[in-house]
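Peer 1: got a structure for you, letters missing:
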Ligand SMILES: [Fe+2]
Ligand SMILES: [Fe+2]
């Protein structure tokens, strides 16, 4: 039997302060998806599981405490420390850390290992489709953003959508609609295709309704 080096209860406790777009429900969805992808793609399930459970433990700190932090770097370091404390080997800890370090869309570190690619894919699948729309609007409510804005052609991706001037429509145009090009594994690409089509239909309908066209 393979050992696990992080329990669900330990992980849950690390997300107590998270907002509803990045809470433990997000972590559970990503973990479930990551394990599924790992099984389909022949990756090391226990590495993927630990990385998924711990990948956003520093997200709250970056978003609400110190914006200069990179939550992927901080979480990679802390996650490694935690699994080592729970009895994992240095090699296991490093593989978990490597996956976490490269999970962000706007990051400069690209996923290299299959496990890192799977964490990236599972995390990004949770940013598109119906759940992606729901999460964008959770942040919209939190930051008191407008529900709709006209697409701005020259707007580029920045690290943060956590401000009142940003909208879910901006987020769709700078980030979410481009995610379908970014998946690594074949299994994730197939799931992404359907989720992307649903999300595109949502934002097209939203634009028509907001413009008074129907
Ligand atoms: Fe993240
Ligand atoms: Fe995440």
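Peer 2: That came in fine, so what should we check first? None of these values were measured; they are calculated from a predicted model. Ligands and ions are numbered 1, 2, ... in the order given.

Peer 1: Do a quick rundown of the helices in this protein.
Peer 2: When assigned using DSSP state H, the helices of the chain occupy the ranges 8-13, 24-41, 45-54, 59-64, 71-85, 90-101, 114-125, 129-142, 168-174, 186-210.

Peer 1: Next one: the most centrally placed residue in the chain from residue 105, what distance?
Peer 2: For the chain, the residue nearest the mean C-alpha position is residue 123 (3.6 Å; CA atoms, centre = their mean). From residue 123 across to residue 105, the span is 8 Å (CB to CB, to the nearest Å). C-betas here are computed from N, CA, C, even on glycine.

Peer 1: I'd say residue 198 and residue 131 touch.
Peer 2: No. In this structure residue 198 lies outside contact range of residue 131 using CB atoms under 8 Å: 10.1 Å.

Peer 1: now residue 171: how far from residue 89?
Peer 2: Residue 171 is 39 Å from residue 89, by CB to CB.

Peer 1: can you check residue 120 too?
Peer 2: According to CB to CB, residue 120 stands 24 Å off from residue 89.

Peer 1: which of these two has more neighbours?
Peer 2: residue 120 (25 against 11; other CB atoms under 10 Å).

Peer 1: for the more buried one, what are its contacts?
Peer 2: Residues near residue 120 by CB atoms under 8 Å, 6 or more residues apart in numbering: 102, 103, 111, 182, 184.

Peer 1: for residue 214, same thing?
Peer 2: If you count contacts by CB under 8 Å, 6+ apart, residue 214 has them with residue 208.

Peer 1: circling back: ok, residue 198 and residue 131, which is more surrounded?
Peer 2: The residue with more neighbours, out of residue 198 and residue 131, is residue 131; 17 against 13, by other CB under 10 Å.

Peer 1: mind listing what that one touches?
Peer 2: By CB under 8 Å, 6+ apart, the neighbours of residue 131 are residue 29.

Peer 1: Give the buried residues for stretch 19-31.
Peer 2: Within stretch 19-31, the residues scored as buried using 16 or more other CB atoms under 10 Å are 19, 21, 22, 23, 24, 26, 27, 28, 29, 30, 31.

Peer 1: Next, work out how far apart residue 73 and residue 55 are.
Peer 2: Residue 73 is 12 Å from residue 55, by CB to CB.

Peer 1: who's in contact with the nearest residue to residue 173 once chain neighbours are set aside?
Peer 2: Among residues not flanking residue 173 along the chain, residue 151 sits closest, at 4.9 Å (CB to CB, 6 or more residues apart in numbering). Going by CB under 8 Å, 6+ apart, residue 151 touches 169, 170, 173, 207.
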